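1. fold the following.
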Amino acid sequence: MSASPRARRRAVALSIASQLTRRVQGECTMFAEAETQQLLLRGLSDPHHDVVRAAVSGLGHRPHAASVEALLRLATSADSQMRWQVAVALGSYEEPEAIEGLIRLSSDPSNEVRDWATFGLGTLRDDDTPEIRAALRRNLSDDDLDVRGEALVGLARRGDDGIVEALIKLLTPDCHVYELDAAEALADPRLVEPLQALTKAAGRSSTNAYWQARLDDALEACSGQAVPVGIQQSNDS
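-> You can find the predicted model right below:
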């Protein structure tokens, strides 16, 4: 099927191959990982756009270092859906080049691409470098709500107390889960008062149950009653 003359069949074959699993001692593991990775790598050179996109998606499920160079080339594609797929895939890679690619994509013209690239940098990765922080800080003022939220959470996970004052202003009854997750990750005592005020203003009956649970977790963390969920700062930050 992956060698079919029809592009649609080839694309479907790659999508299926990237998700093949089997049970080993009760745990789900990848089936024929090396073989399917090679199949996906070949798909990156397919003449049809949809097949290439399927290969990129598959290499997000089954990362292979040999694909990074090709993925970075595709990150400059005129097709925003291709760039988005690359941003999703790069979030699964440990190579430094992948981080550089995500940083570039975090300023992409497409909201969706910036959103996922910012999520990849801020939440999917634990790396903490000046370059990553700079990209996240830049996106704090993005026009898109989700991009701003992902940037805020990413900086909070890195213990960046430079966002505390801004976060205090954002903790209103209209705030989103992003702000609550950031507060929990920071676990900063300065956030206790605004979180308590938010709890009183919101009222149990007027809020979404999940939002209320995140508020409770944030208040608990900032009150020092829970272990912070952020990551350790590196020496070079």
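
2. point to the helix or strand of this structure where mean pLDDT is at its lowest.
-> One helix or strand of the chain scores below all others by mean pLDDT, DSSP states H and E: strand 27-30, with a mean of 80.

3. same question for that strand: list its buried residues.
-> residue 30 (16 or more other CB atoms under 10 Å). All C-beta spots, glycine's among them, are computed from the backbone N, C-alpha and C.

4. same check, this time on stretch 195-211
-> 195, 198, 199, 202, 207.

5. returning to that earlier point: what pairs with the least confident helix or strand of the chain, parallel or antiparallel?
-> Applying DSSP bridges, strand 27-30 is found paired with strand 21-24 (antiparallel).

6. show the average pLDDT along the partner strand.
-> Across strand 21-24, pLDDT averages out at 82.

7. buried sites along it?
-> For strand 21-24, a neighbour-count test (16+ other CB under 10 Å) marks nothing as buried.

8. returning to what we had before: for the buried residues of stretch 195-211, work out which two are farthest apart.
-> 195 and 207 (13.4 Å; CB to CB).

9. residue 98 and residue 176, how far apart?
-> 28 Å (CB to CB, to the nearest Å).

10. neighbour-wise, which of these two wins?
-> residue 98 (23 against 16; other CB atoms under 10 Å).

11. out of everything not next to it in sequence, what's closest to residue 50?
-> residue 11 (4.7 Å; CB to CB, 6 or more residues apart in numbering).

12. doesn't that neighbour fall inside a helix?
-> Yes. Counting by DSSP: H, G, I helix; E, B strand; the rest coil, residue 11 is found in a helix.

13. surely it is in contact with residue 58?
-> No. Residue 11 sits out of contact with residue 58 when judged by CB atoms under 8 Å, with a separation of 9.9 Å.

14. look at those two and report which has more neighbours.
-> Per other CB under 10 Å, whichever of residue 11 and residue 58 has more neighbours is residue 58, with 29 against 24.

15. flag every buried residue along stretch 95-104.
-> 95, 98, 99, 101, 102, 103, 104.
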